[in-house]
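**Q** Have a look at this prediction, sequence included:
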Amino acid sequence: MPEPVLELRSVTAGYHRRTPVLRGVSLTLGAGEAVGLSGPSGCGKSTLARVAALLHRPWEGTVRLEGRPARGFRFRAPREQRTAVGVVFQQPRLAADPRLTLAALIAEPARATGRYPELADRAAALAEAVGLSPGLLARRPHQVSDGQLQRACLARALLLRPRLLICDEMTAMLDAATTAALVAVVEDYRREHGAALLAAGHDRVLLRRWCGTVVDLDGTVVDPDGTRVDPEAGAARQPLRWRS
Ligand SMILES: Nc1ncnc2c1ncn2[C@@H]1O[C@H](COP(=O)(O)OP(=O)(O)OP(=O)(O)O)[C@@H](O)[C@H]1O
């Protein structure tokens, strides 16, 4: 059996020691699997996404990527683990260097890993796939809309061909047309590369259509037709324990 792409075991994490946001959360994501993460505002979806992306160090528990324990978080995360995960956040403006043109923004991971010339064609192809014209690619973040900037952020997240894509409320600020376009780009990418997806969001309808399986952070699993698979866990507000 292949190793899961992502495995969180009994993760406890937060920002203030006395009030952890995540308590004993476990989640396993197999290769090619798509799981949606829902739950009320402030329940810890983004925190979980950041732990999984090695951007936030948990206080307890383990994080494994492709079978290997996380060897560090944030700037200490080793490059091969960091680049195995692509992340798109809710607010593109907080995730984009305002000095870069959109073309340079998309190519940023290639430059950071010394693979720029090699991946220049792929960066251009991704820019086209997300619907950015050459005119828009020459602009800087303050000269484009949130939706246009988010398109660039998605292209950037896919550049190094991550095995796991984490979309943390990627479409929360976008209109229906942009949402549909970006979801389609993610789906094409996953079909082509067999990548796994962890998508956090408020829009249960979109998450169900997109991911098939949606898990509430309170432990409730919701299957594609909206039925609660495990109502007991939800009622008891058990920590999330999702294993496919
Ligand atoms: N950097 C931070 N410092 C301190 N507290 C934080 C920080 N980031 C988040 N929190 C707190 O942690 C809790 C969980 O936040 P998180 O953003 O993970 O929730 P969420 O489920 O993603 O919420 P939303 O759906 O509103 O985006 C909240 O109470 C929030 O106020």
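**A** Yep, it's here. Residues are numbered from 1 along each chain as shown.

**Q** Quick one: mean pLDDT for the helix or strand containing V186?
**A** Under the criterion of DSSP states H and E, V186 resides in helix 176-193. Averaging pLDDT along helix 176-193 yields 94.

**Q** so what does the helix or strand just after it touch, helix or strand wise?
**A** Sequence order places strand 196-200 as the next helix or strand after helix 176-193, per DSSP H and E. Applying 3 or more Cβ pairs under 8 Å, 6 or more residues apart in numbering; DSSP states H and E, we find strand 196-200 packed against strand 34-38, helix 45-52, strand 164-168, helix 176-193, helix 204-211. Quick note: C-beta positions are derived from backbone N, CA and C, even for glycine.

**Q** quick check: angle from the longest one to strand 196-200?
**A** Taking axes from the mean of the first three to the mean of the last three Cα atoms, to 10 degrees, one finds that helix 176-193 is oriented at 160 degrees with respect to strand 196-200.

**Q** any idea how far helix 176-193 is from the chain center?
**A** Counting by Cα atoms, centre = their mean, to the nearest Å, helix 176-193 is centred 13 Å from the centre of its parent chain.

**Q** buried stuff in it?
**A** Within helix 176-193, the residues that qualify as buried are 178-179, 181-183, 185-186, 189-190, counting by 16 or more other Cβ atoms under 10 Å.

**Q** ditto for the last one
**A** By neighbour count on 16+ other Cβ under 10 Å, the buried set for helix 204-211 is 206-208, 210-211.

**Q** Could you tell me which residues make contact with G24?
**A** The contact partners of G24, taken as Cβ atoms under 8 Å, 6 or more residues apart in numbering, are 10-12, 61, 239.

**Q** most surrounded residue in the residues you listed?
**A** Of all those, V11 has the most neighbours under the rule other Cβ atoms under 10 Å, reaching 24 neighbours.

**Q** So what does it look like in phi/psi?
**A** phi -80, psi 130 (degrees, to the nearest 10).

**Q** Next, the closest residue to it other than its chain neighbours: secondary structure please.
**A** Computed as Cβ to Cβ, 6 or more residues apart in numbering, the closest residue to V11 that is not its neighbour in sequence is G61, at 3.6 Å. What DSSP: H, G, I helix; E, B strand; the rest coil gives for G61 is strand.
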